[in-house]
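Undergrad: Fold the following, please.
(one chain, ligands or ions: 1)
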Amino acid sequence: MAIDLSKYIFIDQHAHLLLKRQQELDAIGFRKCLSESRSISFLQDHFPQSLFYQDLLSQCGELWGVEGEESLIEYRVKAQPTDYIREMLDDVSIGGLIIDDGFSSDEMIEIGEFAQITGRPVWRACRIESVLESTIKQVNSFPELASLFIESLAHQGRIKTVALKTIAAYRGGLDLSLVTKEQAINDFDQAKSTLMQSQHPRITRRPLYDYLLLQAFDFAQANNLPVQIHSGIGDDDQDLRSSNPLCMREILRAQRFSSTNFVFLHCYPYVAEAAHLASLYPHVYFDLSLALTQNSPIAKEMILTALSGAPASKLLAGTDGHSVPESYWYGALTWKRALAAALDTLIESNFLTIKQAEDTASSILFANAKELYGLEGLF
Ligand SMILES: [Zn+2]
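TA: Numbers count the residues shown, from 1 in each chain. A predicted model of the protein is given here:
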């Protein structure tokens, strides 16, 4: 008997905001939202042949009764925006989302509006680098920065913060070093003047950054906030080689952070590595968000790799959805299809009973996130 997960609640533990005028996109604009490539010629000539995109179009076509990209683009322009978004989220039972609102925020809707439009519980993952870049502009000394930085991390807006998030993989890699306060103090003047030369300051690997990142991990531990870490695939702004979760070994092994919960995001192509870390350290978790979406033909194999390496209580589900509702929908759809197929295989080969498989699905699709982030207001 094939296991059916279509009605299981899906907590999206890693996603971003929607674009402001996402329904007006033309085909290239739509493709751009679903690709990590910024090359127009790639989007024009090659992207349509990506297996996941072809699958997304055909699944979406089935949902809306349209056929092909052109008809979908025409259909979504005419659809009522809120209904269109909510129907997609309902179709895959997305019951709540943790949103990293630190990405391209000028073009995106605001997080309160996102909660309103989607009509479901939304929580926030606070991006550490965005806080650091905005606080450094406002201060003139290291002590001022150190206190304003922590104050800003603690600031609660209308949407509750349930996690911190770091994009260190994009800012020099995950091989962070345990820098001293003195090194950070000595770096302050130069770091500030380098950042102030740009209109859009962008902190990259240097002692001050590493020091404050580690301070943020301490803050997270004291406030019971898991730290999400971008790892594995993303756009070409990062060096994929240094976004391997294994690069974090020194931090993961440090006694100082032994009670900070870390959640590696995406992880592809380092799924086995992330699973191994999650099987070694009680405070390490991982998700397969963008990894599954962009590689959906092998999603089942990735889930089997993850579940072979680590207990199901360490694996979380996310979509990395952003910009267009189709990305959240396809992410959750891919998760459910692939998880069902992986669990069927495990039942057939006698690794799990049906009951155990159903419990595994509940853990991964919502219970793990609910517990790890202390999500309230859910069923
Ligand atoms: Zn993301």
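Undergrad: residue ranges for the helices of the stretch 251-379 of the chain, please.
TA: Assigned by DSSP state H, counting those that start in this stretch, the helices in the stretch 251-379 of the chain fall at 271-280, 290-294, 299-309, 325-348, 354-362, 368-373.
Undergrad: Now tabulate the ones you listed in TSV and tack on mean pLDDT and mean neighbour count.
TA: In this view, the C-beta of every residue, glycine as well, is placed from N, C-alpha and C. What follows is the helices of the stretch 251-379 of the chain, written out as TSV (pLDDT from 0 to 100; neighbours: other C-beta atoms under 10 Å):
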stretch	mean pLDDT	mean neighbour count
helix 271-280	97	21
helix 290-294	90	27
helix 299-309	97	20
helix 325-348	98	23
helix 354-362	98	16
helix 368-373	98	21
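Undergrad: okay, these in a markdown table with distance to Ile109 next?
TA: Below are the helices of the stretch 251-379 of the chain laid out as a markdown table (distance: least, C-beta to C-beta, whole Å):
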| stretch | distance to Ile109 |
| --- | --- |
| helix 271-280 | 31 |
| helix 290-294 | 21 |
| helix 299-309 | 29 |
| helix 325-348 | 12 |
| helix 354-362 | 31 |
| helix 368-373 | 22 |
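Undergrad: So for Val263, which of those sits nearest?
TA: helix 368-373 (7.5 Å; C-beta to C-beta).
Undergrad: just how off-centre is the closest one within its chain?
TA: Offset of helix 368-373 from its chain centre (C-alpha atoms, centre = their mean, to the nearest Å): 15 Å.
Undergrad: helices and strands around it, which ones?
TA: Packing contacts for helix 368-373, counted by 3 or more C-beta pairs under 8 Å, 6 or more residues apart in numbering; DSSP states H and E, involve strand 10-15, strand 315-316.
Undergrad: and stretch 63-70, average pLDDT?
TA: The average pLDDT within stretch 63-70 is 97.
Undergrad: residues of that stretch that come out buried?
TA: Neighbour-count burial for stretch 63-70, counted by 16 or more other C-beta atoms under 10 Å, picks out 64, 66, 69.
Undergrad: Return the helix or strand in the chain with minimum mean pLDDT.
TA: Within the chain, no helix or strand scores below helix 290-294, which has a mean of 90 by mean pLDDT, DSSP states H and E.
Undergrad: For that helix, what is the distance to the chain centroid?
TA: With C-alpha atoms, centre = their mean, you get 11 Å for helix 290-294.
Undergrad: hmm, who's touching that helix?
TA: 36, 52, 232-234, 265-268, 271, 299, 302-303, 319-320, 327, 330-331, 334-335, 338 (C-beta atoms under 8 Å, 6 or more residues apart in numbering).
Undergrad: Dump it to PDB, keeping only the CA atoms.
TA: Listed next in PDB are the C-alpha coordinates belonging to helix 290-294 (Å, rounded to 0.1, in the frame of the first residue of the first chain):
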ATOM      1  CA  LEU A 290      16.200  24.200  -2.200                       C
ATOM      2  CA  ALA A 291      18.000  20.900  -2.800                       C
ATOM      3  CA  LEU A 292      14.800  19.000  -3.300                       C
ATOM      4  CA  THR A 293      13.100  21.600  -5.400                       C
ATOM      5  CA  GLN A 294      16.000  22.100  -7.900                       C
END
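Undergrad: sorry, back to before: quick one: closest of the helices of the stretch 251-379 of the chain to Ala125.
TA: Ala125 lies closest, by C-beta to C-beta, to one member of those: helix 368-373, at 9.1 Å.
Undergrad: what does the closest one contact?
TA: Residues outside helix 368-373 that contact it (C-beta under 8 Å, 6+ apart) are 11, 13, 98, 123, 162-163, 226, 261, 263, 285, 312-317, 375, 378.
Undergrad: Which of those are buried? Put it as a PyMOL command.
TA: Selection of buried members from those for PyMOL, criterion 16+ other C-beta under 10 Å:
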select buried, resi 11+13+98+123+162+163+226+261+263+285+312+314+315+316+317+375
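Undergrad: if we can go back for a sec, for the buried residues of stretch 63-70, give me a markdown table that also has secondary structure and distance to Ala291.
TA: Output for these, formatted as a markdown table (DSSP: H, G, I helix; E, B strand; the rest coil; distance: C-beta to C-beta, whole Å):
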| residue | secondary structure | distance to Ala291 |
| --- | --- | --- |
| Trp64 | helix | 26 |
| Val66 | coil | 28 |
| Glu69 | helix | 24 |
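Undergrad: I'd like to know which of those residues is nearest to Arg86.
TA: Relative to Arg86, the closest of the buried residues of stretch 63-70 is Trp64; by C-beta to C-beta it sits at 13.8 Å.
Undergrad: The closest one contacts Lys78, doesn't it?
TA: No: the criterion here is C-beta atoms under 8 Å, and Trp64 misses it with Lys78 at 10.8 Å.
Undergrad: As JSON lines, the buried residues of stretch 63-70 with distance to Ala222 would be great.
TA: JSON lines is the format used below for those (distance: C-beta to C-beta, whole Å):
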{"residue": "Trp64", "distance to Ala222": "47"}
{"residue": "Val66", "distance to Ala222": "51"}
{"residue": "Glu69", "distance to Ala222": "49"}
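Undergrad: for the residues you listed, which one is nearest Ile94?
TA: Taking the buried residues of stretch 63-70 together and measuring to Ile94 by C-beta to C-beta, the closest member is Trp64, at 17.3 Å.
Undergrad: wait, what's in contact with that closest one?
TA: Residues counted as contacts of Trp64 (C-beta under 8 Å, 6+ apart) are 72, 75.
Undergrad: Tell me where the stretch 51-200 of the chain has strands.
TA: Counting by DSSP state E, counting those that start in this stretch, residue ranges of the strands within the stretch 51-200 of the chain are 94-100, 122-127, 161-166.
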